[in-house]
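1. here's my sequence, what's the structure:
(one chain, ligands or ions: 1)
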Amino acid sequence: MNEQADFVTEYKTDGTFFRKRLDRLTDGRVMCTLCMEFTPRNQLAPVKGDPDGAVKDICMPCEDKEQEVLRWKESFAGRKTFRVLITGSRTWTLTEPIYSILDTLLDYARAADRLMIVVHGDCRSGPDKTAKMWVARQNARSKGPSGVIDDPTAADWSQGRSAGSKRNKAMVDNGVDVCLAFIEDQSRGATHCAGYAEKKGVPTFRWHMSSGQVTAPPMGWLTRVPV
Ligand SMILES: [Zn+2]
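-> Reported below is the predicted structural model:
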């Protein structure tokens, strides 16, 4: 992988990709996508073994923190968990309401002394990526174990086009407490995942976006989240 500091690769639904310019100041500093601090290129985490000296879009302190977070996991053994499944359309770019909902659910999980596990399909865009970044930011801010774990399950696309729905079923069948779906223009993958979760008896809540308008679940849905 040869990723330049100023660009990040975004994948489209058809498997092709484009390079998106990162937020950048006139003095050349680039925004770390985890802590959102503007960072000089030589403070960005290097891509291991890259002969061209490529860097990631996260800073070195954030990279170190990620390593620390891996060690926290050992201290979580035996804790009661609260598993939140995030699914959604890859084209869904709105990070709100996802951040504020996850913030609220984390408050609930902490009050119930449960370890929050954020389950998602590990897509490089859309709500999966938003969920992953939300977990990373919780951990980046926390001095000790934050009580939040990222649990990505990527689809194995070499298995053909059904890989996405197989992955969705596996995420639900592994056990989740609640499913939150962010669906743009009735896209198939997220619609299927939410439908499957609901069929399996998982409390499922949907946000729909069409022509830039978001429709949220009916008021009071949070009271139906089992935590
Ligand atoms: Zn950072």
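
2. please make it C-alpha for all contacts and neighbour counts, starting now.
-> Noted.

3. strands of this structure, start to end?
-> Assigned strands in the chain, in chain order: 7-11, 17-21, 30-31, 38-39, 44-46, 55-59, 81-88, 115-120, 148-152, 178-184, 204-210, 213-215 (criterion: DSSP state E).

4. to the ion, which of those strands lies closest?
-> Checking those against the ion by Cα to the ion gives strand 55-59 as the closest, at 4.2 Å.

5. in its sheet, what does the closest one sit against?
-> On the basis of DSSP bridges, the sheet neighbours of strand 55-59 come out as strand 44-46 (antiparallel).

6. state the mean pLDDT of the partner strand.
-> For strand 44-46, the mean per-residue pLDDT is 88.

7. so is it next to the ion?
-> No: contact of strand 44-46 with the ion (Cα under 5 Å from the ion) is absent, the minimum separation being 8.1 Å.

8. and for stretch 127-146?
-> No: remark: stretch 127-146 sits outside contact range of the ion, by Cα under 5 Å from the ion, the gap being at least 8.0 Å.

9. for that stretch, buried residues please.
-> Within stretch 127-146, the residues that qualify as buried by neighbour count (16 or more other Cα atoms under 10 Å) are 127-140, 145-146.

10. which one among the residues you listed gets closest to the ion?
-> Within the set of the buried residues of stretch 127-146, Ala140 lies nearest the ion; the separation is 8.0 Å, counting by Cα to the ion.

11. can you report how many residues neighbour Val47?
-> A total of 16 residues lie near Val47 under the criterion other Cα atoms under 10 Å.

12. over to the one 5 residues further on?
-> In terms of burial, Asp52 registers 11 neighbours under the definition other Cα under 10 Å.

13. what of Val119?
-> 25.

14. these two touch, right, it and Leu102?
-> No: under the contact definition of Cα atoms under 8 Å, Val119 does not touch Leu102, with a separation of 11.9 Å.
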